[in-house]
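> return a 3D structure for these sequence lines:
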Amino acid sequence: MANYMDAAKHKPAGKSLLGGAMIIAGTTVGAGMFSLPVVGAGMWFGYSIFMLLGIWFCMLMSGLLLLETNLHFEPGASFDTLTKQTLGQFWRIMNGVSIAFVLYILTYAYISGGGSIVNHSLEGMGIVLPQSVAGLVFALVLASIVLISTKAVDRITTIMLGGMIITFFLAIGNLLIEIDVTKLLEPDGTQRFAPYLWAALPFGLASFGYHGNVPSLVKYYGKDSSTIIKAIVIGTFIALVIYTCWLVATMGNIPRSQFSDIIAQGGNMGVLVGALSKVMASSWLNSMLTLFANLAVASSFLGVTLGLFDYLADLFGFDDSRSGRMKTALVTFVPPTILGLLFPDGFLVAIGFAALAATVWAVIVPALMAYKSRQLFQDSTGFRVIGGTPLIILVVLFGIVTGACHLLAMADLLPQYS
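Next comes the predicted model:
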């Protein structure tokens, strides 16, 4: 462990704030955003925005608490090292298991979502495939990119991100222009709204997962806490703005009552995009929306599976040779692909389970590490998140309540819109 030193001594030259903010925003925004309008249909627009603001604040604070702990160590220290040194072996194992579970379940979620949106795309060409087969094709094509090399993933993802930005603003810009304010502010159907918020909490949490990048930013910027804080705040705020625009675009064009049909069909990506396609002004804009959805789920899949691929290679000691990468690929892709074949419409369910595990490693563990590090480094004069112990308690309670909401929703003890 190293004591916190003056940030100016560690600030690397030529590292732009924008780059760090884009890393956070790019990691946060992904295919998971397609779950937000579906799970928010019950509470509708006002409560959905209220929920997102609260989750954004709590997830921002948990990320800053993680940064506070990280700055007591040398740049390059991993999440695993931080957990072991501050909380001990038990929490290290708990954290590692929860991270691995999140990566696996998200891989399955993106295979399910990818199969759904690929199927929707092919239907426009007159081709109809079973959902499970479309998911298998999606997984095989993208898994081959991960198998080739990290460099291949980097290049393909960069192209996809550029395409996502262009297609998002083209498609969403048109939807925002065409919104019906009455649908947003005076939704049809039952007038019960607030009770549906609780079951949606886990999906909101899953939409603000960037915490694995905090150690990477410390390695990138050194101990320049000011720049890292700004990067986290700006990056997560960009995600919040994008999610708000997405909710306005979807809920302002699709009536609340129509979401019952979307949910009845599994609430998968292709179903939501299909409903939006019916209200779009032109086939060209419809194509832009469909392309954005394909790029979003593909880039999310590549990002998550690359992290899982590297994690499992290190865990099992597989080398980077052709045979070693093949072994890692089998362990990485076979289990979630089998799940995708057996349960092709599990996108929403998988996102919920990912949020349940994320309450451990992205919320509770960072808060506990900050509390412990304040005891271990009492003489430190470095960065400390404002709010003291009450803020830490708030973040921990947020994680516990969110996890409990997911379990209660699974047991049908919370109202869910259908």
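> counting contacts, what elements does the host helix or strand of Val273 pack onto?
Using DSSP states H and E, the secondary-structure element containing Val273 is helix 269-277. Under the contact criterion of 3 or more Cβ pairs under 8 Å, 6 or more residues apart in numbering; DSSP states H and E, the helices and strands touching helix 269-277 comprise helix 89-123, helix 225-251, helix 259-264, helix 283-316. C-beta here means a position set from N, CA and C on the backbone, and glycine is covered the same way.
> quick one: the residue nearest to Phe259 when sequence neighbours are not counted from Phe353, how far?
The shortest distance from Phe259 to any residue that is not its chain neighbour, by Cβ to Cβ, 6 or more residues apart in numbering, is 3.6 Å, and that residue is Ala41. Applying Cβ to Cβ, to the nearest Å, the value for Ala41 to Phe353 is 20 Å.
> repeat that for Lys278.
When Cβ to Cβ is applied, the distance between Lys278 and Phe353 equals 31 Å.
> compare the two and say which is more crowded by neighbours.
Taking Lys278 and Phe353 together and counting by other Cβ atoms under 10 Å, Phe353 has the greater number of neighbours (21 against 10).
> can you give me the buried ones in stretch 400-412?
Residues of stretch 400-412 classed as buried: Thr402, Gly403, Ala404, Cys405, His406, Ala409 (neighbour count, 16 or more other Cβ atoms under 10 Å).
> hmm, I was thinking of stretch 283-302
Buried positions in stretch 283-302, judged by neighbour count with 16+ other Cβ under 10 Å: 285-302.
> what is the subsequent helix or strand relative to the one helix or strand Ala21 maps to?
Under the criterion of DSSP H and E, Ala21 resides in helix 17-28. Past helix 17-28, heading to the C-terminal end, the next element that is a helix or strand (DSSP H and E) is helix 36-39.
> what about dumping the CA coordinates of that next one to PDB?
Output of helix 36-39 as PDB, limited to C-alpha atoms (Å, rounded to 0.1, in the frame of the first residue of the first chain):
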ATOM      1  CA  LEU A  36     -35.700   1.100 -19.000                       C
ATOM      2  CA  PRO A  37     -38.900   2.000 -20.900                       C
ATOM      3  CA  VAL A  38     -40.300  -1.500 -20.400                       C
ATOM      4  CA  VAL A  39     -39.700  -1.700 -16.700                       C
END
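> and the contacts of that helix?
When contacts are defined by Cβ atoms under 8 Å, 6 or more residues apart in numbering, helix 36-39 is touched by residues 48, 52, 199-200, 203-204, 207, 243, 246-247, 250-251, 254, 259, 262-263, 267, 272, 348.
> I'd like the average pLDDT over that helix.
For helix 36-39, the per-residue pLDDT values average out at 92.
> how far is that helix from where the chain is centred?
Helix 36-39 sits 14 Å away from the centroid of its parent chain (Cα atoms, centre = their mean, to the nearest Å).
> thought Leu240 was touching Met51?
No: with contacts defined as Cβ atoms under 8 Å, Leu240 does not count as touching Met51, sitting 11.5 Å away.
> follow-up on the earlier one: what sits up against the helix holding Ala21?
Residues contacting helix 17-28 (Cβ under 8 Å, 6+ apart): 161, 207-210, 212-213, 216-217, 220-221, 227-228, 230-232, 234-236, 238-239, 242, 303.
> cool, and stretch 273-293?
By Cβ under 8 Å, 6+ apart, the residues outside stretch 273-293 that reach it are 31, 34, 117, 120-121, 124, 163-164, 167-168, 170-171, 174-175, 178, 249-250, 253-254, 258, 261-262, 269-270.
> which among these end up buried?
Of all the contacts of stretch 273-293 considered here, the ones buried according to neighbour count by 16+ other Cβ under 10 Å are 31, 34, 117, 120-121, 163-164, 167-168, 170-171, 174-175, 249-250, 253-254, 258, 262, 269-270.
> in the helix or strand hosting Ile338, what counts as buried?
Here Ile338, judged by DSSP H and E, is contained in helix 322-342. In terms of neighbour count (16+ other Cβ under 10 Å), helix 322-342 has its buried residues at Arg325, Lys327, Thr328, Ala329, Thr332, Phe333, Pro336, Thr337, Leu339, Gly340, Leu341.
> how about a markdown table for these, with distance to Phe377 and pLDDT added?
Supplementary listing: the buried residues of helix 322-342 in a markdown table, determined by distance: Cβ to Cβ, whole Å; pLDDT from 0 to 100:
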| residue | distance to Phe377 | pLDDT |
| --- | --- | --- |
| Arg325 | 40 | 87 |
| Lys327 | 41 | 91 |
| Thr328 | 37 | 89 |
| Ala329 | 41 | 90 |
| Thr332 | 37 | 91 |
| Phe333 | 41 | 93 |
| Pro336 | 40 | 93 |
| Thr337 | 45 | 93 |
| Leu339 | 43 | 92 |
| Gly340 | 45 | 90 |
| Leu341 | 50 | 90 |
